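# only geometry, no sequence info:
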């Protein structure tokens, strides 16, 4: 276990003027508070915050961050309080420790919604101070290093979460070394067999090529020195197990087919030297086509900068090379931890792109903005993971602005990356001057010009095309708003008619004072809820005019031979027979009758067999099947359309299935029953419009039944008689076109 003076010495090596008193006080306080606590391994608990602090000293972080690392578990696991830490160490450190305490429960979450909500907490906690993230990543790294003492189930759970969230988050922050170690440690527990196999093969390769890395380092170094780059440093290394495994999986390669297991870095003094080194290497050895990338002129979004190339180098070995300056190397190793945000001195010798806020931290802030967009926790987790895992392509606006997007992005993603309003109004795109489909996948260097329309609403189908979380969230919001607008228009008409029948005038202003009684956020939400049938227009009327007395349902003789006119509270009129058992809902009970079976045109059945149709009917043109049923009076057959869910009951009784088909010559001589369901506005005239439409296509209504489902909507079932399926489909289409009809569909038993 690291001792107090050792920690201080580690910090003073890179920051000689560090506040030694602060480090000593934090060390002693953490030691006292954790006392005799033990870890699962049996080690003193204080060993964990000490190791977390040690990891952060390797990143050369300031003494305040190191103090936070020492204290990060005190509020959660000891008697320490925020007030006590504020008093002893200052409010800045107290705030950071409390932020880490709030996200402590993220360690063992497994359910998606909880994981999503805790990811929100993590990102919110680090939105004000990125040091929270640095301590949290170091905390997770040490926990992963000591994971062997946990149960197998817990090891797998923590490893999956690390692979899903922490490793890619470290990568997005530019901390590649930490990302690689987190991935390898997770890989070991998630897929132990693959880990052992890949590790074993790498060890065999290392023994077989013993001395090869050193030989290539020497030859590359000598070549650079001979061409005037005397201070160039060459470092070689074998790739990590998970990196090798991921490449084997993504490219479907065997281990033997991998040709670039070794990678080398050339570190020089400045940017011009980077391009000189590239020219020297390319002049000496053959370049592998298509493997050159310039991340100096177009840095990655996490601030990573280097030249990448692959050559067939010494010993005819394929070698990946990364060429960078010392400052770029520091950023590549430690990412945001190396940023001037927490350094007193900033290097500008190589036109450093690092401003007071890094690109990586800027991405983090943009991700935080998504929290305010009202997405569900699961959607937020999905969007964040999309952003974490995607590689990037770099595209340009016509004015030359650089837009970084995930690989596989489309012009739609590009438009939303520029601005949400541009994305919402996109109707087309030009890529490199040519009009291209919006589903085109963008490539590095593409110039994209967006074509817009002021009346465009993004189609919901775009959600399946885009790859960025921002675009997906914006499309969902726009779709929700468009649907709300449609329902609000319908709701407005319903409310106007309801208020008019009550002798009142409807207005949005009148609704505002009643919103709290209706449980709605704003007027448009309330009106849309009426349009969707989620809220009654009478409820709105009563909320706006509490003293209003609604009319009752009344029934009066119509004068038509015992029939009654029934008027609902909202004014819809139904005509039902006086013998109906239970008002409107029971009217159909005494009207049902069967179509005569003596002339049924069905082939495949002998004439002496009793044939009947399913209760919901079947019409010529339907694919049909017969089911043999046994009754006390003898055998009979029931004819079902092939779509009937009732047929599932006979799946295990194949001997009862009869192959039947329509005799079309006979079918044209009779009408056949089919049942349809209509959901329509509950207002005067609706029934007349429906009846007129049915009669207009020469269809007969045999049975009519209504079931009140909401004050403003009525659900009706009609048994209609048609000649064939084509006539039935014509009826359904015309009913759908009626303004008063919300939905219409055919029913199957």
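Looks like it came in fine. From a predicted model like this one, the values you see are computed outputs, not experimental measurements.

# residues in contact with stretch 415-425?
397, 403, 405, 412, 426, 429, 450, 452-454, 456-458, 466, 468, 470-471, 474-475, 478 (CB atoms under 8 Å, 6 or more residues apart in numbering). For every residue, glycine as well, the C-beta is placed using N, CA and C.

# Next, the buried residues of that stretch.
415, 416, 417, 420, 423, 424, 425 (16 or more other CB atoms under 10 Å).

# and if you look at stretch 8-28?
Buried-residue list, stretch 8-28, by 16+ other CB under 10 Å: 8, 10, 11, 15, 18, 19, 22, 23, 26, 27.

# Including distance to residue 680, pLDDT and secondary structure, could the residues you listed go into JSON lines?
Below are these laid out as JSON lines (distance: CB to CB, whole Å; pLDDT from 0 to 100; DSSP: H, G, I helix; E, B strand; the rest coil):
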{"residue": "8", "distance to residue 680": "80", "pLDDT": "89", "secondary structure": "helix"}
{"residue": "10", "distance to residue 680": "77", "pLDDT": "90", "secondary structure": "helix"}
{"residue": "11", "distance to residue 680": "76", "pLDDT": "90", "secondary structure": "helix"}
{"residue": "15", "distance to residue 680": "76", "pLDDT": "87", "secondary structure": "coil"}
{"residue": "18", "distance to residue 680": "77", "pLDDT": "88", "secondary structure": "coil"}
{"residue": "19", "distance to residue 680": "76", "pLDDT": "90", "secondary structure": "coil"}
{"residue": "22", "distance to residue 680": "74", "pLDDT": "92", "secondary structure": "helix"}
{"residue": "23", "distance to residue 680": "76", "pLDDT": "91", "secondary structure": "helix"}
{"residue": "26", "distance to residue 680": "72", "pLDDT": "92", "secondary structure": "helix"}
{"residue": "27", "distance to residue 680": "76", "pLDDT": "92", "secondary structure": "helix"}
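
# any idea where the helices of the stretch 101-250 of the chain begin and end?
Secondary structure of the stretch 101-250 of the chain, counting by DSSP state H, counting those that start in this stretch: helices at 112-127, 131-145, 152-161, 167-172, 176-190, 192-208, 212-226, 241-251.

# sorry, back to before: out of the contacts of stretch 415-425, list just those in helices.
412, 470, 471, 474, 475, 478 (DSSP state H).

# Need the residues you listed in TSV (columns: neighbour count and pLDDT).
Compiled in TSV, the ones in helices among the contacts of stretch 415-425 are given as follows (neighbours: other CB atoms under 10 Å; pLDDT from 0 to 100):
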residue	neighbour count	pLDDT
412	27	93
470	21	81
471	27	87
474	25	86
475	24	87
478	20	85
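
# With respect to residue 490, which of these is nearest?
residue 478 (19.3 Å; CB to CB).

# returning to what we had before: which one among the buried residues of stretch 8-28 gets closest to residue 506?
Using CB to CB, the buried residues of stretch 8-28 come closest to residue 506 at residue 26, 66.1 Å.

# who's in contact with that closest one?
Per CB under 8 Å, 6+ apart, neighbours of residue 26: 66, 67, 70, 71, 89.

# which residue sits closest to it, ignoring its sequence neighbours?
Using CB to CB, 6 or more residues apart in numbering and skipping residues adjacent in sequence, the residue nearest residue 26 is residue 67, 3.9 Å away.

# and the host helix or strand of that neighbour, average pLDDT?
Using DSSP states H and E, residue 67 sits within helix 63-71. Averaged across helix 63-71, the pLDDT comes to 91.

# Quick check: closest non-adjacent residue to residue 231.
That would be residue 269: by CB to CB, 6+ apart, it lies 5.7 Å from residue 231.

# Which pLDDT value goes with the one you found?
Reported pLDDT for residue 269: 92.

# what do you get for residue 24?
In this model, residue 24 carries a pLDDT of 92.

# Repeat that for residue 315.
For residue 315, the predicted pLDDT is 69.

# Looking at the helices of the stretch 101-250 of the chain, spot the one closest to residue 38.
helix 131-145 (15.2 Å).

# Next, the angle from the closest one to helix 152-161.
Angle of helix 131-145 versus helix 152-161, following axes from the mean of the first three to the mean of the last three CA atoms, to 10 degrees, is 140 degrees.

# Next, the buried residues of helix 131-145.
Neighbour-count burial for helix 131-145 [16+ other CB under 10 Å]: 131-144.

# same deal with stretch 673-693?
673-676, 678-683, 686-687, 689-690, 693.

# Which of these sits closest to residue 324?
residue 679 (65.4 Å).

# just checking, what packs against the host helix or strand of that closest one?
Assigned by DSSP H and E, residue 679 belongs to strand 672-681. When contacts are defined as 3 or more CB pairs under 8 Å, 6 or more residues apart in numbering; DSSP states H and E, strand 672-681 packs onto helix 686-696, strand 713-722, helix 725-736, strand 741-747.

# Which two of the buried residues of stretch 673-693 have the greatest separation?
Largest pairwise distance in the buried residues of stretch 673-693, by CB to CB, is 28.6 Å, between 673 and 683.

# After the helix or strand hosting residue 281, which helix or strand is next? Please name it.
Element membership for residue 281, per DSSP H and E: helix 271-284. Using DSSP H and E, the next helix or strand after helix 271-284 towards the C-terminus is strand 286-287.

# Tell me which strands that next one pairs with, and in which orientation.
Using DSSP bridges, the strands paired with strand 286-287 are strand 307-312 (antiparallel).

# Now tell me which helix or strand of the protein has the poorest mean pLDDT.
In the chain, the helix or strand scored least confidently by mean pLDDT, DSSP states H and E is helix 583-586, which has a mean of 36.

# Quick one: end-to-end length of stretch 441-452, please.
In stretch 441-452, first residue to last residue: 19 Å (CA to CA, to the nearest Å).

# got the buried residues for it?
Going by 16+ other CB under 10 Å, stretch 441-452 has these buried residues: 442, 446, 448, 449, 450.

# Residue 535 against residue 528, yeah?
No: look at residue 535 against residue 528 with CB atoms under 8 Å: they stay out of range, at 9.3 Å.

# Quick one: the helices in the stretch 401-550 of the chain, in order.
Under DSSP H, counting those that start in this stretch, the stretch 401-550 of the chain gives helices at 411-418, 420-424, 469-501, 508-511, 515-518, 523-532, 537-544.

# Which one of these lies nearest to residue 660?
With CB to CB as the yardstick, what comes closest out of the helices of the stretch 401-550 of the chain is helix 523-532 (42.7 Å).

# helices and strands around that closest one, which ones?
Looks like helix 523-532 contacts helix 469-501, helix 508-511, helix 515-518, helix 537-544 (3+ CB pairs under 8 Å, 6+ apart).

# which residues sit against it?
Outside helix 523-532, the residues within contact range by CB under 8 Å, 6+ apart are 484-492, 494-495, 508, 511-512, 515, 518, 520, 535-537, 540, 712.

# rewinding a little: could you export the helices and strands packed on helix 523-532 to TSV, including columns for distance to residue 195?
Converted to TSV, the helices and strands packed on helix 523-532 look like this (distance: least, CB to CB, whole Å):
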stretch	distance to residue 195
helix 469-501	31
helix 508-511	63
helix 515-518	58
helix 537-544	62
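
# now stretch 491-507, how far from the centre of its chain.
The gap between where stretch 491-507 is centred and where its chain is centred comes out at 40 Å by CA atoms, centre = their mean, to the nearest Å.
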